[in-house]
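Undergrad: the sequence and its predicted three-dimensional model are supplied below.
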Amino acid sequence: MRFDETPALENVSFDLRAGETCVLLGAAGSGKTVLLKTALGLIRPDSGSVHLFGEPIGRFREQELFVLRSRLGMLFQEGALFDSLTVEENVAYPLLNQKSLRCPAEDVPGRVREALRFVELEHTLEKLPSELSGGMRRRVGIARAIVTGPALLLYDSPTAGLDPITANKIMALIAKERDVRRTTSVVVTHRYQDGHLLANYRWSPAAGRLEPKADDGGGAGNRTRFLVLEHGRVVFEGSQTELLASTDPYVSKFAKRLKE
Amino acid sequence: MLDLLKSPILTLQEFLILAARAIRNVFRRPHYAGDLWLQMDIIGVGSLPIVLLTGLFTGAVMALQMSRALRQYGAAGEVGQIVSIALVRELGPVLTSLLVAGRNASGMASELGSMKVTEQIDAMRALGTDPVQKLVKPRLMATAITLPILTVVADFIGLIGGYVVACLFLNLTTGSQYWHSAYSWIRYNDMLQGLLKPFVFALVVSLVGCYYGMHTSGGTQGVGRATTQAVVAASVWIFVLNLIITQFFVNL
């Protein structure tokens, strides 16, 4: 994958199995967003192949991609809400426009409300995105991504530019979505603590908040993988323990912060 | 030398691809009727005041300019003919299209450009809609429908402007003679080119505006750049195509 003469992604190869959580770490400009967009077929690679739900999408036409894309949800950086539409219309957008979902029109308001309740924003239905705060916009973006009940969710820097409290709230929602609906998730982030949280905490429906996972429970903890990108190359792939043990200076920079 | 040509040729190629896709999509479902109405309101109704004003003053100034020359030749009675031919063939289509280019090509470029840099266009594709279908097609159709209508309105109001100056202020001729000469000298050829031009210009204005919007990069600064480029490119193409179309009709 190249833009002009600079390669944005090179020799990137990895796979994601159903039910896994993948945390993609990398500095700004390391190709995280490009990687997600390539996975979606929004950008076509110059060479190599991309398989989405087991299907090689390289030669797919846009119409065929729409069918596959309706099975996944994506949260864009900054949310990418349509600012001419209200929150309700934004969240309803994928239901109304993804023809392959065949969502009956009378179900739409109910599902929109349900998705907004999930992100605790049911009271904002009539608001325009410009009237919301950055964190709320991000949460509406999550609602829009999950409203179709996708099997795979891609989050592009869900916590970028947010204060720690809001960032944790967003991460809790992502963990909640993963644990309640068992969705496969890819989380792109530059913050190691986001990955730490996903690997070591799980959503407790009883308490209604995140709780530390019991050690060696064998559950989702082992199913969280870390990937580190540097200048468009994967420089690390493995579990959290391996990440912490890494001696690569670039990789360990991401893991270091939390030890303090 | 080849490197210098690379970028404009690439731009032209991408523009033609977008144009072909947009025009092909006109005949394909889904049709977003709501978006079409909205755009027709923005472009058609929204441009009406400025088109009326410009038309009125253009017709008036034409009559004023011609008055002296016509008097010299003792042909002051023919002022209606000159105003109407100039308006219907050239001034109406070109000025109206330039106004719409300034108002709406820039609007399209900045709106689509902002959507592009905030990833809304990507989001649209990710959520199952083709941006060409949803964004470009309604703008293309709305401009193609409203610009010829706006031109007719501008032509007519321009004739009224000419009438006011020629008959009420300068007393060059009588009202009935003015309108008769304005009407009787218009041929089908004139009307055809007077309607074909705004239609062609409409395609150019909307597609250029959408093209620069959809290819915006580089944040908010990029949006500003795209807007400027859209207006400049659309205006230049209007002049170039106007010459070509006129050349064709002159030889008819």
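TA: Everything's here; your move. The structure presented is a predicted model; accordingly, all values stated were derived computationally and were not measured. Residues are numbered from 1 along each chain as shown, chains lettered A, B, ... in the order given.
Undergrad: when you work out contacts or count neighbours from here on, use the C-alpha atoms and nothing else.
TA: Fine.
Undergrad: how about residue B:44, secondary structure?
TA: helix (DSSP: H, G, I helix; E, B strand; the rest coil).
Undergrad: list the contacts of it.
TA: By C-alpha atoms under 8 Å, 6 or more residues apart in numbering or on different chains, the contact list for residue B:44 reads B:142-143, B:146-147, B:150.
Undergrad: likewise residue B:218?
TA: Contacts of residue B:218 by C-alpha under 8 Å, 6+ apart are residue B:117.
Undergrad: around chain B, which positions in chain A sit nearby?
TA: A:40, A:42, A:66-67, A:69-70, A:74, A:76-78, A:80-82, A:93-94, A:97-99 (C-alpha under 8 Å from any C-alpha of the partner chain).
Undergrad: of the residues you listed, grab the buried ones for PyMOL.
TA: A single PyMOL command selects the buried members of the residues of chain A next to chain B (16 or more other C-alpha atoms under 10 Å in any protein chain shown):
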select buried, chain A and resi 40+42+66+67+69+70+74+76+77+78+80+81+82+93+94+97+98
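Undergrad: let's see which of the residues of chain A next to chain B end up in helices.
TA: Those of those mapping onto helices are A:40, A:66-67, A:69, A:93-94, A:97, per DSSP state H.
Undergrad: now these as TSV including pLDDT and distance to residue A:48?
TA: Below are these laid out as TSV (pLDDT from 0 to 100; distance: C-alpha to C-alpha, whole Å):
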residue	pLDDT	distance to residue A:48
A:40	84	15
A:66	86	21
A:67	85	22
A:69	86	20
A:93	89	32
A:94	88	29
A:97	84	30
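Undergrad: can you list those in TSV and add distance to residue B:134?
TA: Listed next are those as TSV, based on distance: C-alpha to C-alpha, whole Å:
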residue	distance to residue B:134
A:40	20
A:66	14
A:67	17
A:69	17
A:93	12
A:94	14
A:97	11
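Undergrad: and the two most separated of these?
TA: Farthest-apart pair in those is A:40 and A:93; separation 17.9 Å (C-alpha to C-alpha).
Undergrad: closest one of the contacts of residue B:44 to residue B:70?
TA: Distances from residue B:70 to the contacts of residue B:44, taken by C-alpha to C-alpha, are shortest for residue B:150, at 29.6 Å.
Undergrad: near chain A, which residues of chain B? Just list them.
TA: So chain B meets chain A at B:115, B:118-120, B:122-123, B:125-129 (C-alpha under 8 Å from any C-alpha).
Undergrad: and which of the residues you listed is nearest residue A:225?
TA: When these are compared for distance to residue A:225 (C-alpha to C-alpha), residue B:126 wins out at 24.9 Å.
Undergrad: neighbours of that closest one, how many?
TA: The number of residues packed near residue B:126 is 27, by other C-alpha atoms under 10 Å in any protein chain shown.
Undergrad: what lies in contact with stretch A:81-94?
TA: So stretch A:81-94 is in contact with A:70, A:108-109, A:112, A:115, A:124-130, A:137, A:140-141, A:143-145, A:147-148, B:115, B:120, B:123, B:127-128, going by C-alpha under 8 Å, 6+ apart.
Undergrad: please indicate which of those residues are buried?
TA: A:70, A:108, A:112, A:115, A:124-125, A:128-129, A:137, A:140-141, A:143-145, A:147-148, B:115, B:120, B:123, B:127-128.
Undergrad: the nearest residue to residue A:77 once chain neighbours are set aside bridge partners, please.
TA: Spatial nearest neighbour of residue A:77, excluding adjacent residues (C-alpha to C-alpha, 6 or more residues apart in numbering or on different chains): residue A:156 at 5.2 Å. Beta bridges link residue A:156 to residue A:188, judged by DSSP bridges.
Undergrad: my read: residue A:156 touches residue A:188, true?
TA: Yes - Residue A:156 is in contact with residue A:188 according to C-alpha atoms under 8 Å; the separation is 5.1 Å.
Undergrad: tell me, what's touching these two both at once?
TA: Counting by C-alpha under 8 Å, 6+ apart, the residues touching both residue A:156 and residue A:188 are A:32-33.
Undergrad: which parts of stretch B:159-173 are buried?
TA: B:159-167, B:172-173.
Undergrad: now the residue lying farthest from the centre of chain B: how far from residue B:66?
TA: The outermost residue of chain B, judged against the average C-alpha position, is residue B:74 (36.1 Å), by C-alpha atoms, centre = their mean. Distance of residue B:74 to residue B:66, computed by C-alpha to C-alpha, to the nearest Å: 12 Å.
Undergrad: poorly predicted segments of chain A, please.
TA: Within chain A, the set of residues satisfying pLDDT under 70 comprises A:1-8, A:214-222, A:256-260.
Undergrad: which residues in the chain form strands?
TA: The chain I'm using is chain A. Using DSSP state E, the strands found in chain A span residues A:2-3, A:6-7, A:21-26, A:51-52, A:55-56, A:72-75, A:152-156, A:184-189, A:201-204, A:209-212, A:224-230, A:233-238.
Undergrad: residue B:138 and chain A, how far apart?
TA: Separation of residue B:138 from chain A (C-alpha to the nearest C-alpha, to the nearest Å) stands at 16 Å.
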